[in-house]
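*Asks:* Here you go, sequence then predicted model.
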Amino acid sequence: MLRQQINDAYKAAMVARDQATVSAVRLIMAEFKKKDIDGRTEGYPDGVPDDQLLSLMQKMIKQRQDSITMYNQGNRPELAAKEEAEIAIIERFMPKMMSEAETDAAVAATLAEIGATSVKDMGKAMAALKEKFAGQMDFQKASAIVKKHLAGA
């Protein structure tokens, strides 16, 4: 599904001669290809599932946000603007991010579902959240919320 969206966007951008979108989508497709090659050794001969691709795209966004910070510190606004444009293109293919309240509710439900009661269950809880909410949740924020719930439990 996600791969088809990316391919369709690539073709549309080629037809429209939208060079920025073509460039950004090519980067996404290249990362997908690398992930698929790595996935073959992990038991995914036909390509990794969409949840892993969404996590990869989240990582790409984080990398660009870090680059924006560096470019702004280095007084290179034109490069920061290019990175921001790439983020906007990548985000077009991402599901809507959960709000903090939605994240809190999802964490509480997941903790109850897996029976997590102490901080020792942190890894199990984060793994369950990443499996269920890939691409929809900021896992740094979710980690803090999980700690809060487990410390209070």
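*Replies:* Arrived safely. Residues are numbered from 1 along each chain as shown.

*Asks:* And the helix or strand harbouring Leu53, what's buried?
*Replies:* For Leu53, the element it lies in under DSSP states H and E is helix 50-73. With burial defined by 16 or more other Cβ atoms under 10 Å, the residues of helix 50-73 counted as buried are 51-58, 60-61, 64, 67-68, 71. Glycine gets a C-beta too; all of them are placed from N, C-alpha and C.

*Asks:* Skipping adjacent residues, who's closest to the residue minimising distance to the centre of the chain in space?
*Replies:* By Cα atoms, centre = their mean, the chain has its centre lying nearest to Gln58, at 2.1 Å. Distance criterion Cβ to Cβ, 6 or more residues apart in numbering; nearest residue to Gln58, sequence neighbours excluded, is Gly135 at 6.0 Å.

*Asks:* residues near the one you found, how many?
*Replies:* For Gly135, the count of nearby residues is 21 (other Cβ atoms under 10 Å).

*Asks:* Please report the distance of it from Met98.
*Replies:* From Gly135 across to Met98, the span is 10 Å (Cβ to Cβ, to the nearest Å).

*Asks:* who touches both of those two?
*Replies:* Any residue near both Gly135 and Met98 by Cβ atoms under 8 Å, 6 or more residues apart in numbering counts here, and not one turns up.

*Asks:* Where does Val22 fall, secondary structure wise?
*Replies:* Assessed by DSSP H and E, Val22 sits inside helix 19-40.

*Asks:* Break this protein down into its domains, please.
*Replies:* Annotated domains of the chain cover 2-91, 100-152 [automatic domain parsing].

*Asks:* and those domains, which one's lowest on average pLDDT?
*Replies:* Mean pLDDT values for the domains of the chain show the minimum at domain 100-152, a mean of 83.

*Asks:* Number of residues surrounding Val48?
*Replies:* Residues within reach of Val48, counting by other Cβ under 10 Å, total 19.

*Asks:* which residues touch it?
*Replies:* Shown in contact with Val48 (Cβ under 8 Å, 6+ apart): Lys35, Asp36, Gly39, Glu42.

*Asks:* ok, so of the residues you listed, who is nearest Glu78?
*Replies:* Within the contacts of Val48, the smallest distance to Glu78 is 30.0 Å, found for Lys35 (Cβ to Cβ).

*Asks:* In contact with that closest one, which residues?
*Replies:* Val48, Gln52, Leu53, Leu56.
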